[in-house]
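In: Dropping the sequence and predicted coords here.
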Amino acid sequence: MKTTVTLIAPPTAMQPGGYIATAYADRSQPGTSRADLEVQESTAGWTVALRWRAPQAVIDATDNPRQFIDGAALFAPTVKDAPWISMGTPDMPLEGVLWRADRAQPWRVSAQGLGSVQRAEAPAGWTTAARYANGTWQLTFTLPAFAALTVTRQLGFAVWQGAQSERAGLKSVTPGWINL
Amino acid sequence: MNRQLAMVLDLNKCLGCQTCTVACKKLWNQDQGTDYAYWNNVETAPGKGFPRLWQETGGRNADGSVKRGEIPSLDADYGRAWKFNHDKTFFKSNGPREWLKPESGTQWGPNWDEDHGAGAYPQENHYFYLPRLCNHCTHPACLDACPRGAIEKRSDNGIVLVNQDQCHGYRFCVEACPYKKVYFDPKRQVSTKCIFCLPRIEEGVAPACARQCPGRLRFVGFLDDPAGPIHKLVNEYKVAIPLHPEFGTGPNVYYVPPLSPEGIDDEGRPTGKPRIPPAYLESLFGPAVHDAMARLAAEREKTTRGEGSAVMDLLIAYDWSKNFALDDARTREVI
Amino acid sequence: MKSDRRSFLKISAVGAVAAAAAGLPLWHMRRAASTGLGDGRPPRTVAPLDNWQDLYRQRWTWDHVAKGSHGWLNCRSACEWDIYVKKGVVVREEQTAQYESSEPGVVPDFNPRGCNKGACYTEVMYGPSRLTVPLKRVGERGSGQWERVSWDQAIDEIAHKMVDIAEKYGTDSVVQDLGPHFDNGPTTAGRIRFFNKFGGVIPDDWAEIGDLNLGATLTFGFPHVGGSSDEWFLSDYLVVWMMNPSVTQIPDAHFLYEAKYNGAKLAVIDPIYSATATHADLWIPVAQGTDAALALCIARHIWESGKHDEKYLQEQSDLPVLVRLDTGRFLREDDMVAGGRETVMFVHDRKTNARVPAPGSEGLTDQPMLHLGELDPALEGGWDVQLADGKTVQVVTVGTLLREQLALYSVEATAKITGLHSAMITRLAEGFANAERPMILSSWGSNRYFHSDLMNRAKILCLTLKGAIGRRGAGYHSTGWFSIDGFDLASEADKPGVGGLLGLLTHAFSPGEMWAIATDLVAKRKTLMEVTREQTQLLMDKEACATNSASINYNYQGIKDKLAAYQDNLYPQPTEAYVNEAQARGWMPLYPRKQVKAWFTGGNNVLRRTNMTGEFMANLWTNLDLAVDVNPKLTFTGMNADFVLPAAGYYEKPGIKYPVAYVPYLHYCDAAIRPVGEAKNEWEIYFLLAERIQQIAREKNLAPFDGCGKREIDLKQIAERYSFGREFGAGDVEKVMQNILDLSPAAGGASVRELKESGITKYAETGAIAYQNQLYNAEWKGEGVLQALQHFIKDKWRWPTLTGRQQFYIDHPWFVGGGESLPTYKTSPKAGGDYPFQMVSCHARWSVHSIWRDTPMMLRLQRGEPVMYLNPSDITRLDIRDGDYAEFHNDHGAFQMRVKESTMVRPGVAYYFHAWEPYQFKDHKSYKWITPGLMKPMHFAGGEGHVQWRFAIWEPGSAVQDTRVGIRRIADQQAAATAGGVA
């Protein structure tokens, strides 16, 4: 399937702790307003391609503590229609993959609610191919085994533009699950 | 039982020598990603401090409410750990002989303000040294800012720690801390901060910054220990007060505020008033500074008259080892 | 083979590692060195990486801990450290902090001592300028072209060169610049010993670097005054006067601020609002160089307000001593009686209304004590006296002359000179006069003005008037010393042990002289102190090719004309006439006799230090046939040497930190690891050199040399003599150490084995066999606050001055003619020309001299480059921005330096913290190139009483604080930042 998704900024009021909700209360617009998504399923597994405009890519983790690195993540609920904007629940966890522009290998990630994302080494065969050209990221995930997606066939994704200090809950996400 | 370790720093004994800074640096922060970081620094006040303008760029307003903080710039606000051109200085090369200097240029550094101070010479010029470390706050702004719960305040000693496994390097803590005492490690992509020398505390040994201080101005102990120096200086004698209490985080590092020489009037006469404007001290330590200063002066009067003063005796630190009252009896010796 | 940095890299690529001096390949860190040298603490380990907190726990682990210190450092502190070793590398250091209070509950203890530099010597040890292999110059001197050579080759070539030079120019053309960096252990003893046995010249540079308190010498007969620093705590009125303990005496400064809590007032007199001044009750912003006027005004106030101690002055000071008004000389016995003694002076006894010999007079050899008995000497008054030749002259007391002198320093007059308001002066004077225990701290840095001697004489006068000198909790602290007698013996004697002492004395003295010494002592005709002083002097005269750096510089540096321009108008004679007279009369020795042909450094950085460095390099240095730096690190001097030999660093060899009296503990330095790379300790280096020279001399069958004209130097025996007749081998450094300890009573019988465990041991006494006791308190046996000077105050020994008293009147004809017989105020001469800024320096917070100057960890806590501190008003007026490069210039040229704004600096002062390496400046030229370093001709004086040349006590020096500069903005900052000029 191939589609263009309008992205939203998750409400900062939901963010855990007292700081972000207040300090970023004014943040209502996503850094990336839309992204192209292409999903292919084959016997070899899943291939998911994302494409979004990023006027200024931030790729490497040099020596700049102010620099946030571009990233993107795919999530699928382990239980159909698990909460997306709040990143699942303990009973309905999400599973997915996280790419960061400075890393050759993606992480496998899981989440059971806001702030609970756990990173782990990606399973063998999970790869990403990223290309930045003409102000646009083109990112392809190759995921031979993505169990949650295979089961629920629901997909959500997030992109982070480091140049706009996006990280954590400051991100641009699909408004809900995309049913494949 | 919730207990809180705390530190008192007597600014009237600080030499500005930065042995504390070096002690801390040597022990904890010499890796590539944290080479710019100083868990402990000493700055000259008044001044822009380290990182530059930290008092204005944290995540708290003067009424304690939250505002969006800033992440300091490596070059403009922290100052990177400059690399030097020793080889090109010492040895013949193709170009003209260089002189030793930072290869990358300099904009700011951990002690950029050293001895700058404020005020016209000789009437009112003034400065003092302000050693700073993580305040291990009762209500840590960093903990409050972390969406991942990666920052914990330990119940057994109140030390605030960034869990290096949990941290994903989002840096809300760096923004939020009104003391700018969380440092991001771009190499490891995690935030780090003063651990109050936890491994030493576990052995009953005072933190390196305190134990290595040749000015003997640091006291370490539990806030609720009536026999220890902290409780006495903070709660009983009330001569030690926190820095920027208005931020509302409940700092557990306390300062004995600085006395200063008399000012001089325009004709050159001593004025009888301290050089450091009380209003400036209040802007740092809050209104409690006036009472603390008055108590110090009164106690000094006592010893000048030849009377005893338990406050002065404690600050004199006749037996230095008693500056540190930790759980463990082995506070005296590093093992 | 020509070699530069690029080819070094090529060579290393093919494996013949030419480890460039800097940017060292850290192969020494990869090689797990043996750590079995010290016993130390058990290893500390933690379970590896159970959780993230173990990452931190792992950092605080070690394999081995040794006790050590920074023994070879010219740092006036002494601090014991635990040296933490992990996998053969010293990873960090932390103070042992095991000192005790001298009097628990009365004074605070000494813990933990230490400073920022000591806490990171490891950064120097493994730093970018560390030397680990011998290097030989292959390009021009200073061209930065080196090749790595073996020790064998280096020793062989240097030995041959030294023998050649000795044959052509005499052994005294070889100079070992003793330097201020040295310890009191076997390696420094080896360094000195080698040059003693070689017949080389060892100049003292104490005054030349501006550290010698000649004002104290003129007053007390010695410059080093003071006991333990916890005595500061006992004062009720502390005056820090030309010192900045917060910066330069870091481990001891706390006693000052604790004294404030104990009820003392703290006054800081400094043109700069220094880090110490910030803690004062009263900061007195005196105009730079006018301190003598302020002191004389205080003295006047004390006397006029009747707060002086008359009885003390009668006994302890020269105020009652009579002076002839016709000549300005003391009235002497040979004035009064034909054949009388020249060195017996007089006082006027009020009780008998008669002139009587002044107790203490140098010539009263049969009654060397100060007891007045029934005498009641008049402090003031004038009388007519009939001399032996029938002439009647007027005599007055020193007190009367002084009273007249002080009359000039009214509060109003002093206010004009010092720029202080009379209310400020009065406040200070009253506080001082009313104090029970006034104390003045005066650092080595108080000796850097041309007229510093006058300033210090005036400061001491304030204390003497109060009777404060020698009183517990009061008096003058300019740094006293314990004596590590075994070190002196190891440096000189031919045999180890007590036999060495006897040998030393019998070698120096005839049997008759030895007998006289013994009888003097037994019959108590002389005090031990006097005998030892004489011994020292005789030894110097008879044996050592000892001189001072200022004399060498004055004669060989090519600066006579330049100095003359600023100082010839200040005295009746031009400087050169004074110096010539001093040398013609034998007052001030000058070696080498002919030329300086070889220069060894190791304890210093002469091309960093010497004023008017350009002239030094152009005249003296270029004339050298051999320049060798034996040093753990590459310095600017090393960069301009022919050979640099890697010495073991501070944690790599056993030593004893030099024994300042501030902290009454002996500080042992253990070798925590073997020397890094190919470095060797100096005992071994000079052993090897002595061996090779002996071989060459024997091959050539060289006839003995005449040394410096005093004794025979047989190089065919040099290794025998160096090794104490083969008692010690090249690797026997710990055996030599034990020998030093055994012969040092102050060490109290400590053994190397014990010291490896404890690091420190409390001094058992103040020490002194062969050399002058520095502390003058034989009763101190390791208990209680150490008070100096008790021999004079309590025991009534005469002071080692001409009058035997604290002497404020110097009747040496030069002083009388020069208008400096009494303490007086004289303006600071405009050295360098008439320019608007006075360039004033302080010792640094961030380095001990140049040792840490290039260390990145320290530079990052500064601004990365040298800075000149200026007041904001000056910066604005000059249109310079903070951080800009500016040009500083005077009659001698210009240098470039960054500017730092600071409200602590007095307008009109350009203030810097010293010892930046020249290579840290554009064109490798520092402020030293345009700092004239005035040499006060009075200090070449000799021949009378205590005004005579003695090593590290009385000698000429050079003054930097009088230097004037102009400052110019540099418009093109980018061009300023671009290298060029130095090839």
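Out: Alright, I've got the coordinates. Remember, it's a predicted structure, so these values are computed and weren't measured experimentally.
In: ok, how many other residues are close to the residue of the stretch 151-300 of chain B found nearest chain C?
Out: Nearest residue of the stretch 151-300 of chain B to chain C, counting by Cβ to the nearest Cβ: residue B:268, 3.0 Å away. Quick note: C-beta positions are derived from backbone N, CA and C, even for glycine. Applying other Cβ atoms under 10 Å in any protein chain shown, we find 17 residues neighbouring residue B:268.
In: I figured it hits residue C:418, correct?
Out: No - counting by Cβ atoms under 8 Å, residue B:268 stays clear of residue C:418, with 10.1 Å between them.
In: Stretch C:265-283: end-to-end distance?
Out: 11 Å (Cα to Cα, to the nearest Å).
In: Find the nearest non-adjacent residue to the most centrally placed residue in chain B, please.
Out: Nearest to the geometric centre of chain B sits residue B:132, at 0.9 Å (Cα atoms, centre = their mean). Of all residues not flanking residue B:132 in the chain, residue B:41 sits nearest, at 5.6 Å (Cβ to Cβ, 6 or more residues apart in numbering or on different chains).
In: Give me the distance between the one you found and residue B:79.
Out: 11 Å (Cβ to Cβ, to the nearest Å).
In: Looking at the two, which is more packed in?
Out: It is residue B:79, of residue B:41 and residue B:79, that has more neighbours when counted by other Cβ under 10 Å, with 27 against 24.
In: re the thing from before, per-residue confidence for the residue nearest to the centre of chain B?
Out: In this model, residue B:132 is scored at 98, pLDDT.
In: Might one say that it is in contact with residue B:180?
Out: No - Residue B:132 is not in contact with residue B:180 according to Cβ under 8 Å; the separation is 9.0 Å.
In: Go ahead and confirm residue C:396 touches residue C:319.
Out: No - if you go by Cβ under 8 Å, residue C:396 and residue C:319 don't touch, sitting 11.0 Å apart.
In: Which one's more surrounded, the two?
Out: Set side by side, residue C:396 and residue C:319 show more neighbours around residue C:319, with 31 against 21, by other Cβ under 10 Å.
In: What residues does that one make contact with?
Out: C:313, C:379, C:397, C:398, C:399, C:402, C:808 (Cβ atoms under 8 Å, 6 or more residues apart in numbering or on different chains).
In: Out of those residues, name the ones that lie in helices.
Out: C:313, C:398, C:399, C:402 (DSSP state H).
In: just these now: which is nearest chain A?
Out: residue C:402 (66.1 Å).
In: can you give me how far the host helix or strand of residue C:739 is from the chain middle?
Out: Under the criterion of DSSP states H and E, residue C:739 resides in helix C:733-742. Counting by Cα atoms, centre = their mean, to the nearest Å, helix C:733-742 is centred 25 Å from the centre of its parent chain.
In: Pull out the buried positions in the helix or strand just after that helix.
Out: The first helix or strand that comes after helix C:733-742 along the chain, using DSSP H and E, is helix C:752-758. Under the neighbour-count criterion of 16 or more other Cβ atoms under 10 Å in any protein chain shown, helix C:752-758 has C:755, C:756 buried.
In: now check helix C:752-758, is it near chain B?
Out: No - against chain B, helix C:752-758 shows no contacts by Cβ under 8 Å from any Cβ of the partner chain, the least distance being 12.5 Å.
In: Show me the contact partners of that helix.
Out: With Cβ under 8 Å, 6+ apart as the criterion, helix C:752-758 contacts C:38-40, C:66-67, C:98, C:654, C:666, C:668, C:670, C:734, C:737-738, C:741, C:761.
In: Kindly report the same for stretch C:736-751.
Out: C:184-186, C:189-190, C:482-487, C:489-490, C:496-498, C:500-501, C:654-656, C:659, C:666, C:668, C:683, C:728, C:752, C:755, C:761-769, C:782.
In: average pLDDT for it?
Out: 92.
In: what's the offset of that stretch from the middle of its chain?
Out: Worked out by Cα atoms, centre = their mean, stretch C:736-751 lies 24 Å from the chain centre.
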